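S.K.: Structure for the following, please:
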Amino acid sequence: MNDEEKKDFEERASLYLMRGRSRAAMDHPFWSAFTAGKEWRVDWSCQTAYTDGRVMGYNPAFMCYIHGKFKMIGIIAIIVHEAAHIFLGHHLRKGKRPMHGWNVACDHVVNNLLLKCKPIMCLDGDWVCDRKYKDWCAEDVYEELPKEDKEQKEDGQGKPCDGGMGGDDPSQPQQGQSGDGKPTPNTSDGKYTIGDVREMKDEDGSKLSEQQVDDALADIKGIATNAAQMSQRAGKLPAEVRQYVEDLLEPKHNWKEALSMFVGARAKTDFNMSKPRPTAACCGYFSPELDTEDAPAKICIGVDTSGSMDFVEACSEVQGAVEAYEDEGIDTTLKILYCDTKLHYEEDLDIGDKPFKGGRGGGGGTRFSPVVDWVRDHHNDQDIEGFVYITDGHCSDFGEDPGVPTLWVLTESASKSFNPPFGEFIHTDIKDGGY
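M.R.: Residues are numbered from 1 along each chain as shown. From the prediction side, this is the model:
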């Protein structure tokens, strides 16, 4: 592609985007709120489009291809697609998963959501969107993907392309893309991701801190709240999105998703000067890379085995915790403590181990303090970095602050008055014995 052809693509794509953004703001104000104020950047090195929560990058030839096939509704679909990635926080949840596999999983989730929001989505049969993943979270979709869809792809020259993001120079066209901008299929079933998501980084290219991730998630919640209110008044809040917003304001979290973020934020790190951070090196300077291989985090999980809890279900969630660690690429040991009114059983689980299922503990009332006291007394000598308690919350005996970051994971029928004196709590879809 010569400079004149590139210039023509860029001018047409810029015009299509200007019109598409204006139409989206009028017709789909909820989604437009997530792209407002973002920088729209020409990037020939990507195959389609992408966002990292700050920048909206796009390949001009791809945008022209989409306009040629679907007219303006196609441009709006791409804009809304990238907005949905931000709304769902996909740029903050990748963990250690390969970029390509994470993008495939996220596109399944976004396209299934937008397919319900007609007439926004003009779904092409070539776009990634398996209907069996309807209403799934990206973490669960990733686990179910074929192995070849999880692995990092390479371009024709053997370079990693990360789902169409492999070019070194944003001014140079993506290798493998056809001359008319049609993307090359990048999944095992011959589909392609229409708009990617990149991991949000700090301004210096380093990984976001726990506080920065929390702040970014809070920003998303604020944007969603305001956008939903404005869209509702205008009668333009899609019914399919309303439940997502309600869950955001009064959320029930997917347990694996929540643990994935909790684990990733507390993985112990060291610096390795022998492996300079690629994002830093490409900017002309070298700085140490975070290295977690020799210093894994260790999380203690307390399991409520009282009569109101489903013990087998709780144990299956512990197994999910082990799998979440495996997904994060962290080789570690989990300390599991089973307790009702007293501590009945404890064990260490390695990756691949099955949790204890030999009994129900006491099956009586509930006290948190035995487990909390154990963590407070042993977190230093056992190198525990965080504490998670799975419970229905029907208890007021908390004990004293254990001195480590604490996450209370509440089951589906948890007490509405649960208000712990320390730590954070989330409502999840974990089943329990109920009342």
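S.K.: Where does residue 80 fall, secondary structure wise?
M.R.: In the assignment (DSSP states H and E), residue 80 maps to helix 72-87.
S.K.: helix or strand right after that helix?
M.R.: Counting by DSSP H and E, what follows helix 72-87 is helix 99-116.
S.K.: Buried residues in the helix or strand just after that following helix, which are they?
M.R.: With elements assigned by DSSP H and E, the helix or strand that comes after helix 99-116 is helix 138-144. Residues of helix 138-144 classed as buried by neighbour count (16 or more other C-beta atoms under 10 Å): 138-139, 141-143. Bear in mind the C-beta positions are built from the backbone N, C-alpha and C, glycine included.
S.K.: Can you tell me which of those is closest to residue 61?
M.R.: Among the buried residues of helix 138-144, residue 138 lies closest to residue 61 (C-beta to C-beta), at 27.7 Å.
S.K.: Could you list which residues are in contact with that closest one?
M.R.: Applying C-beta atoms under 8 Å, 6 or more residues apart in numbering to residue 138 gives the contacts 88, 90, 93, 102, 105-106, 108-109.
S.K.: follow-up on the earlier one: mind putting the buried residues of helix 138-144 into CSV with distance to residue 242?
M.R.: Formatted as CSV, these follow (distance: C-beta to C-beta, whole Å):
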residue, distance to residue 242
138, 21
139, 23
141, 22
142, 26
143, 28
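S.K.: list the helices and strands the helix holding residue 80 packs on?
M.R.: Where contact means 3 or more C-beta pairs under 8 Å, 6 or more residues apart in numbering; DSSP states H and E, helix 72-87 is packed against helix 3-27, helix 29-32, strand 49-51, helix 60-70, helix 99-116, helix 210-233.
S.K.: that older thread, now the contacts of residue 138: which count as buried?
M.R.: 88, 90, 93, 102, 105-106, 108-109.
S.K.: any idea which of those residues is closest to residue 61?
M.R.: residue 106 (22.9 Å).
S.K.: In contact with that closest one, which residues?
M.R.: Contacts of residue 106 by C-beta under 8 Å, 6+ apart are 85, 88, 90, 138, 141, 197.
S.K.: what do you get if the cut-off is 10 Å, keeping everything else the same?
M.R.: The contact partners of residue 106, taken as C-beta atoms under 10 Å, 6 or more residues apart in numbering, are 84-85, 88, 90-91, 93-94, 128, 137-139, 141-142, 163, 193, 195-197.
S.K.: that's a helix at residue 301, yeah?
M.R.: No. Under the criterion used here (DSSP: H, G, I helix; E, B strand; the rest coil), residue 301 is strand, not part of a helix.
S.K.: Residue 126 is in contact with residue 182, correct?
M.R.: Yes. Shown here, residue 182 and residue 126 form a contact pair, counting by C-beta atoms under 10 Å, at 8.6 Å.
S.K.: Name the residues contacting each of these two.
M.R.: residue 192.
S.K.: Those two: which has the busier surroundings?
M.R.: residue 182 (17 against 14; other C-beta atoms under 10 Å).
S.K.: per-residue confidence for residue 163?
M.R.: With respect to pLDDT, residue 163 scores 41.
S.K.: mind giving me the domain split of this protein?
M.R.: Per automatic domain parsing, the structural domains of the chain span 3-250, 261-428.
S.K.: Would you single out the least confident of those domains?
M.R.: With a mean of 71, domain 261-428 has the lowest mean pLDDT of the domains of the chain.
S.K.: ok, residue 85 - how many residues close by?
M.R.: The burial count for residue 85: 25, using other C-beta under 10 Å.
S.K.: just residue 36 next, same as before
M.R.: The tally of other residues near residue 36 (other C-beta under 10 Å) stands at 12.
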